[in-house]
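>>> curious how this folds, go ahead:
(chains A and B)
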Protein chains: 2
Amino acid sequence: MGQKKAVVLSSGGIDSTTAMAVAAREGFEIYSLSFRYGQRHKVELESAQKVAAALGAKKHLVIDIDPAVFGGSALTDNIDVPKGRSDAEMEAEIPVTYVPARNTIFLSYALAWAEVLEAFDIFIGVTAVDYSGYPDCRPEFIAALEVLANLATKAGVEGKTIRIHAPLLDLTKSEIIRLGLILGVDYSLTHSCYDPGPGGEACGECDTCKLRLKGFREAGMEDPVRYKK
Amino acid sequence: MGQKKAVVLSSGGIDSTTAMAVAAREGFEIYSLSFRYGQRHKVELESAQKVAAALGAKKHLVIDIDPAVFGGSALTDNIDVPKGRSDAEMEAEIPVTYVPARNTIFLSYALAWAEVLEAFDIFIGVTAVDYSGYPDCRPEFIAALEVLANLATKAGVEGKTIRIHAPLLDLTKSEIIRLGLILGVDYSLTHSCYDPGPGGEACGECDTCKLRLKGFREAGMEDPVRYKK
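Numbers count the residues shown, from 1 in each chain, chains lettered A, B, ... in the order given. Predicted coordinates for the structure are as follows:
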């Protein structure tokens, strides 16, 4: 029997990169999957490519997502990305950077690719702890998706079991970073910022930069990526 | 309060067209959603456009699906479409015209659009009776998807309920056709064939043509679309 395959969703950020490192450590052959959906910055996709190479992925696939249905999100429209929000503000509401049903769409594609590859394992780096208010990062969402995956596919009909792995679900950002460092992740390859500068440098002010910086601070480490100031 | 909105998945075929007619009869404002994913024939999308217009849809949206993940299906690759199979053969296995996780991907997009529109109702014309062996046409798949929809979205977090309507789930093809005729559907606008001729005429031999012709025969009606012979 050959090495077991896993499809790993990758944004090039800290969480998905760490999830990919977990999959690699568990011995899976990695099929890295990223999405292009009218993001305002391409540096994210370049990071995903570098991460896949660094973690020895067998294949890295970028899928084009038609953003026609995604009205109303700062990540794809021209709404201003919020900056300098307090932790309480970030936790209080679903942020404007929310893309409707994004993880559902991403996981649907992962499921399709898994079916073609005859892979039965999908990794996603969501965390319910520092989840920034996104409904589709909750453990009950992942559980419901695993049920669906086994009903939606040939694998389920044929008595095989598809597993959706969310190995970071119960970890804080600093715990994720510490786990990644144990697994040898090079976080200088990753990218998180919603509003990077022309050279790809992070703004340090958007929700995701603040979460990232707080994570590194709490892990007692310096963030290796470049910031504007 | 304005008219309630519903997103209706439409392929331009008999089932989704009838499901759209049911949604219209129930008083919903219709948002018709179709997909372009490297189909070998564009006549399907033209039918979906005509059907949406005929049923008074408020909007008809066509989403481009990147077929990069969809290896291994006759609908998107260059595998021959099977013809002249017996009913027993059609029922015995998952056909090569199966597109991996297709309905999961389609419903994910419907969910995203519903969220942007603030619609809480999604219609899909799947049927478990003449379901041609597709795993994602089973009632338990639809039920699991409804659970997921309410966990994946802001609506669910805010205590609203999203419903996935599959009004044809327990109907045979001939029952669907009879229901559609009661609702005033013009089936000459629809298209089903996997392998149409240059003028859009149906082959009469592929699995879906055979199911369609059997449905009309059992409904005691003549199929109004054109066939090659």
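
>>> for chain B, tell me whether the helix or strand where A:H60 lies is touching it.
Assigned by DSSP states H and E, A:H60 falls within strand A:59-64. Yes. For strand A:59-64, a contact with chain B is found by Cβ under 8 Å from any Cβ of the partner chain, at A:L61, A:I63, A:D64. For the C-beta atoms, the positions are set from N, CA and C on the backbone; glycine is no exception.

>>> dump those residues to TSV, plus pLDDT.
What follows is those, written out as TSV (pLDDT from 0 to 100):
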residue	pLDDT
A:L61	92
A:I63	89
A:D64	84
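
>>> rewinding a little: which strands and helices lie in contact with the strand holding A:H60?
strand A:29-36, helix A:43-54 (3 or more Cβ pairs under 8 Å, 6 or more residues apart in numbering or on different chains; DSSP states H and E).

>>> which elements pack onto the helix or strand containing A:F216?
Assigned by DSSP H and E, A:F216 belongs to helix A:207-218. Applying 3+ Cβ pairs under 8 Å, 6+ apart, one finds that helix A:207-218 contacts helix A:87-92, helix A:173-182.

>>> so the last one versus helix A:207-218, what angle?
If I follow you right, that is helix A:173-182. Helix A:173-182 runs at 70 degrees relative to helix A:207-218, counting by axes from the mean of the first three to the mean of the last three Cα atoms, to 10 degrees.

>>> just give the nearest non-adjacent residue to A:F106, would you?
With sequence-adjacent residues excluded and distances taken as Cβ to Cβ, 6 or more residues apart in numbering or on different chains, A:F106 is closest to A:L9, at 5.5 Å.

>>> what of A:L183?
Spatially, and ignoring its direct neighbours in sequence, A:L183 is nearest to A:A21 (4.1 Å; Cβ to Cβ, 6+ apart).

>>> still on that earlier bit, what number of residues lie near the residue nearest to A:F106?
23 (other Cβ atoms under 10 Å in any protein chain shown).

>>> likewise the one 5 residues further on?
With neighbours defined by other Cβ under 10 Å, the count for A:I14 comes to 27.

>>> quick check on it: phi, psi?
Here is the backbone geometry of A:I14 (degrees, to the nearest 10): phi -70, psi -50.

>>> distance-wise, check it relative to A:Y109.
Per Cβ to Cβ, to the nearest Å, A:I14 is found 22 Å from A:Y109.

>>> show me what the lengthiest helix in chain A is packed up against.
Looking across chain A with DSSP state H, the single longest helix is helix A:102-117. If contacts are counted by 3+ Cβ pairs under 8 Å, 6+ apart, helix A:102-117 sits against strand A:5-9, strand A:29-36, strand A:121-123, helix A:139-152, helix B:102-117, helix B:139-152.

>>> low-confidence regions, chain A specifically.
The model of chain A has pLDDT under 70 over residues A:1, A:38-41, A:70-99, A:130-133, A:156-157.

>>> and with 50 instead?
Residue ranges of chain A with pLDDT under 50: A:72-79, A:92, A:94-96.

>>> residue closest to the middle of it?
With distances taken as Cα atoms, centre = their mean, A:S16 lies nearest the centre of chain A, 3.9 Å away.

>>> surely the residue nearest to A:L183 is within a strand?
No. Counting by DSSP: H, G, I helix; E, B strand; the rest coil, A:A21 is not found in a strand; it is helix.

>>> ok, it - contacts?
A:L55, A:G180, A:L183, A:G184, A:V185 (Cβ atoms under 8 Å, 6 or more residues apart in numbering or on different chains).

>>> how much space between it and A:G180?
Distance, A:A21 to A:G180, by Cβ to Cβ: 6 Å.

>>> do the same with A:K58
Counting by Cβ to Cβ, the gap from A:K58 to A:G180 is 21 Å.

>>> what does A:L117 give?
A:L117 is 25 Å from A:G180, by Cβ to Cβ.

>>> more neighbours: which of those two?
Neighbour count, other Cβ under 10 Å: between A:L117 and A:G180, A:G180 has more, with 23 against 19.

>>> not counting its neighbours along the chain, what's nearest that one?
A:T18 (4.1 Å).

>>> and for A:R36?
Nearest residue to A:R36, sequence neighbours excluded (Cβ to Cβ, 6+ apart): A:D64, at 5.2 Å.

>>> please tell me I have it right and the one you found contacts B:I63.
No. Taking Cβ atoms under 8 Å as the definition, A:D64 is not a contact partner of B:I63, at 11.1 Å.

>>> so for the two, which sits in the more crowded spot?
B:I63 (20 against 13).

>>> wait, what's in contact with A:C209?
Here A:C209 is in contact with A:S192, A:C193, A:Y194, A:A202, A:C203, A:Y227 (Cβ under 8 Å, 6+ apart).

>>> could you do A:S34 as well?
Going by Cβ under 8 Å, 6+ apart, A:S34 touches A:L9, A:S10, A:S11, A:G12, A:L45, A:A48, A:Q49, A:H60, A:L61, A:V62, A:I63.

>>> list buried residues within these.
Burial by neighbour count, judged by 16 or more other Cβ atoms under 10 Å in any protein chain shown, picks out A:L9, A:S10, A:S11, A:G12, A:L45, A:A48, A:Q49, A:H60, A:L61, A:I63 from the contacts of A:S34.

>>> count the neighbours of the residue nearest to the fourth one when sequence neighbours are not counted for me.
Spatially, and ignoring its direct neighbours in sequence, A:G12 is nearest to A:S47 (3.0 Å; Cβ to Cβ, 6+ apart). For A:S47, the neighbour count with other Cβ under 10 Å is 24.

>>> ok, now how distant is A:S47 from B:C193?
The gap separating A:S47 from B:C193 is 45 Å, by Cβ to Cβ.

>>> now do A:L117
30 Å.

>>> swap in A:T17?
For A:T17, the distance to B:C193 equals 46 Å [Cβ to Cβ].

>>> ok, A:T153 next?
As judged by Cβ to Cβ, A:T153 and B:C193 stand 26 Å apart.

>>> deepest-packed of the helices and strands packed on strand A:59-64, please.
strand A:29-36 (a mean of 22; mean count of other Cβ atoms under 10 Å in any protein chain shown).

>>> next, give phi and psi for the residue lying closest to A:L181 once chain neighbours are set aside.
Spatial nearest neighbour of A:L181, excluding adjacent residues (Cβ to Cβ, 6+ apart): A:M221 at 7.2 Å. Backbone torsions of A:M221, given as degrees, to the nearest 10, read phi -120, psi 160.
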